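1. 3D, please:
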Amino acid sequence: MSLRKKQTMTPEKISANRRNGRRSHGPSPPEGRERIRAALLRHGFDLQAEEVAMRALGENPADFQELLEALWETYRPTDAAQEGLVIRLARATWLLNRADRMQEGYALRQAREVNSGRQDRLHARMMRLKMTAESLERLAQAVARKHYVTTPVDLEKMKNLHQEGVVKEMADIALALFYQLQAPGTGEDGLDPMESARRVVAQVKEIFGIGTKAAFPPPSKVTPDSSQVEEDPQDANVAEEKNDQRYPSITAAEWEARERPRQLLENILRRQVEICEEQRKALLRESVKGPSPYERAAEIAPTHPNALLMRRTQDSCFREVRRVTNLLLKLKRYEWKTKDREQDDEKVGGGDI
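-> Reported below is the predicted structural model:
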């Protein structure tokens, strides 16, 4: 049920509608167009200058002429004041439409710029996810060895992934497990104190050119990096025996205690590889499908410095249209009332005679 009360048509309203209908004379004839051109000149509207300006802005002067003629037929100005208001209304309406085109044009330009860089951004994110998945896969393969001990290279990779924020919440847990699986007596840098001292001495000798040909024997408690592990024999039993010989201080019971965090770390790394692959496939589908209407609306949000100014221009034009329309309607109502009063007086005077 509508809450708005319907207006009832009284005989007075019906009569007023009929009188207003008789005032409409249809399309403007050639004489009317000449009158419009004369009115434009009288009110300071230079046709040639305005046409040049409109064409420079990509607008069609004929469209403005049609708008003016339509408003002229609607309000049928009868004096100079009404003519000026009709012309002012046409110009204000035209400027209002221009303000709309300004905002839509900038939104179109911004959408094209965003769309041109969108594919590059998605491709960069997919490549980053692929590289992250490969790094995690190599770490998972290294951790998959039964007697695994954290190497400095693996620890550095995990630290880099943690800093990049790709692994997110699970990075802290994985990093803690890598620290837990270090060799006994190893510090947070992934090296034991003896190895750190050896590297400092090696750097000093390299700087001063002392004994550069003499190679330091590898420490007994530190595993080689991942590249060296890949060069070992593929037989897992041989690799485990070498680890046992490299870490004689780790007993069988300690190897058994390290097995649980090793499996947990391997599962975490495998799961992160799957997550990276899922995200990469989702980005690929998004790249093929294109942005949704909501994403497009967010991309073309008016964030440029002139957005507020353009909005104020549009509001100013709209208020101008409203003011001119109200003033023109008031003049027309006064004119109609005056004519009706004169007709009534003539009728009364003719009846008395």
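2. all helices in the stretch 201-350 of the chain, in order from the N-terminus.
-> Taking DSSP state H, counting those that start in this stretch as the criterion, the stretch 201-350 of the chain carries its helices at 226-230, 236-246, 252-289, 293-299, 307-352.
3. Select, out of those, the one closest to Asp154.
-> Among those, the nearest to Asp154 by C-beta to C-beta is helix 226-230 (6.2 Å). (Glycine included, C-beta is placed from N, CA and C.)
4. one step back: I'd like the helices of the stretch 201-350 of the chain written out as a markdown table, with distance to Ala81, mean pLDDT and mean neighbour count added.
-> Formatted as a markdown table, the helices of the stretch 201-350 of the chain follow (distance: least, C-beta to C-beta, whole Å; pLDDT from 0 to 100; neighbours: other C-beta atoms under 10 Å):
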| stretch | distance to Ala81 | mean pLDDT | mean neighbour count |
| --- | --- | --- | --- |
| helix 226-230 | 90 | 43 | 14 |
| helix 236-246 | 100 | 58 | 14 |
| helix 252-289 | 59 | 89 | 15 |
| helix 293-299 | 45 | 71 | 12 |
| helix 307-352 | 7 | 81 | 13 |
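5. What's the local residue count around Gln119?
-> Applying other C-beta atoms under 10 Å, we find 11 other residues in the vicinity of Gln119.
6. Check Met131 too.
-> Going by other C-beta under 10 Å, the residues that sit close to Met131 add up to 12.
7. so it is in which element?
-> helix 80-143 (DSSP states H and E).
8. by how many degrees do that helix and helix 252-289 diverge?
-> 150 degrees (axes from the mean of the first three to the mean of the last three C-alpha atoms, to 10 degrees).
9. which helices and strands does the next helix or strand after helix 80-143 pack with?
-> Going down the chain from helix 80-143, the next helix or strand is helix 152-164, by DSSP H and E. For helix 152-164, the elements it packs on are helix 80-143, helix 170-180, helix 226-230, judged by 3 or more C-beta pairs under 8 Å, 6 or more residues apart in numbering; DSSP states H and E.
10. Of the ones you listed, which is nearest Glu278?
-> Nearest to Glu278, of all those, is helix 80-143, at 9.4 Å by C-beta to C-beta.
11. Which neighbouring elements make contact with the helix holding Met131?
-> Using 3+ C-beta pairs under 8 Å, 6+ apart, the elements in contact with helix 80-143 are helix 30-42, helix 61-75, helix 152-164, helix 226-230, helix 252-289, helix 293-299, helix 307-352.
12. how about those helices, which one is nearest Ala124?
-> helix 252-289 (10.0 Å).
13. between that closest one and helix 170-180, how big is the angle?
-> Relative orientation of helix 252-289 versus helix 170-180 (the same axes, to 10 degrees): 150 degrees.
14. quick one on the thing from earlier: reformat the helices of the stretch 201-350 of the chain into a markdown table and put distance to Leu71 next to each item.
-> Supplementary listing: the helices of the stretch 201-350 of the chain in a markdown table, determined by distance: least, C-beta to C-beta, whole Å:
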| stretch | distance to Leu71 |
| --- | --- |
| helix 226-230 | 80 |
| helix 236-246 | 89 |
| helix 252-289 | 46 |
| helix 293-299 | 34 |
| helix 307-352 | 9 |
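15. Quick one: closest of the ones you listed to Ala39.
-> Of all those, helix 307-352 comes closest under C-beta to C-beta, at 14.0 Å.
16. Show me what the closest one is packed against.
-> Where contact means 3+ C-beta pairs under 8 Å, 6+ apart, helix 307-352 is packed against helix 11-22, helix 80-143.
17. Deepest in the core, which of those is it.
-> helix 80-143 (a mean of 16; mean count of other C-beta atoms under 10 Å).
18. pLDDT of that helix, averaged?
-> Helix 80-143 shows a mean pLDDT of 86.
19. Check stretch 57-70 too.
-> For stretch 57-70, the mean pLDDT works out to 87.
20. Please identify the buried residues of that stretch?
-> By neighbour count on 16 or more other C-beta atoms under 10 Å, the buried set for stretch 57-70 is Glu59, Phe64, Gln65, Leu67, Leu68, Glu69.
21. How about the fifth one, nearest residue that isn't a chain neighbour?
-> Setting aside the residues directly before and after it, Leu68 is nearest to Ala90 in space (C-beta to C-beta, 6 or more residues apart in numbering), at 4.3 Å.
22. Mind checking the helices and strands packed on helix 152-164 for the one nearest to Gly290?
-> helix 80-143 (8.5 Å).
23. orientation of that closest one relative to helix 152-164 in degrees?
-> Orientation check (the same axes, to 10 degrees): helix 80-143 against helix 152-164 gives 160 degrees.
24. Report the angle between helix 80-143 and helix 307-352.
-> Orientation note: helix 80-143 sits at an angle of 150 degrees relative to helix 307-352 (the same axes, to 10 degrees).
25. my read: the residue nearest to Leu68 touches Gln65, true?
-> No. The pair Ala90 / Gln65 is not scored as a contact, 9.3 Å apart, by C-beta atoms under 8 Å.
26. which ones are touching Glu50?
-> Listed by C-beta atoms under 8 Å, 6 or more residues apart in numbering, the contact partners of Glu50 are Pro61, Phe64.
27. picking up where we left off before, may I see the buried residues of stretch 57-70 arranged in a markdown table, with distance to Tyr247 as well?
-> Below are the buried residues of stretch 57-70 laid out as a markdown table (distance: C-beta to C-beta, whole Å):
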| residue | distance to Tyr247 |
| --- | --- |
| Glu59 | 82 |
| Phe64 | 88 |
| Gln65 | 93 |
| Leu67 | 89 |
| Leu68 | 93 |
| Glu69 | 96 |
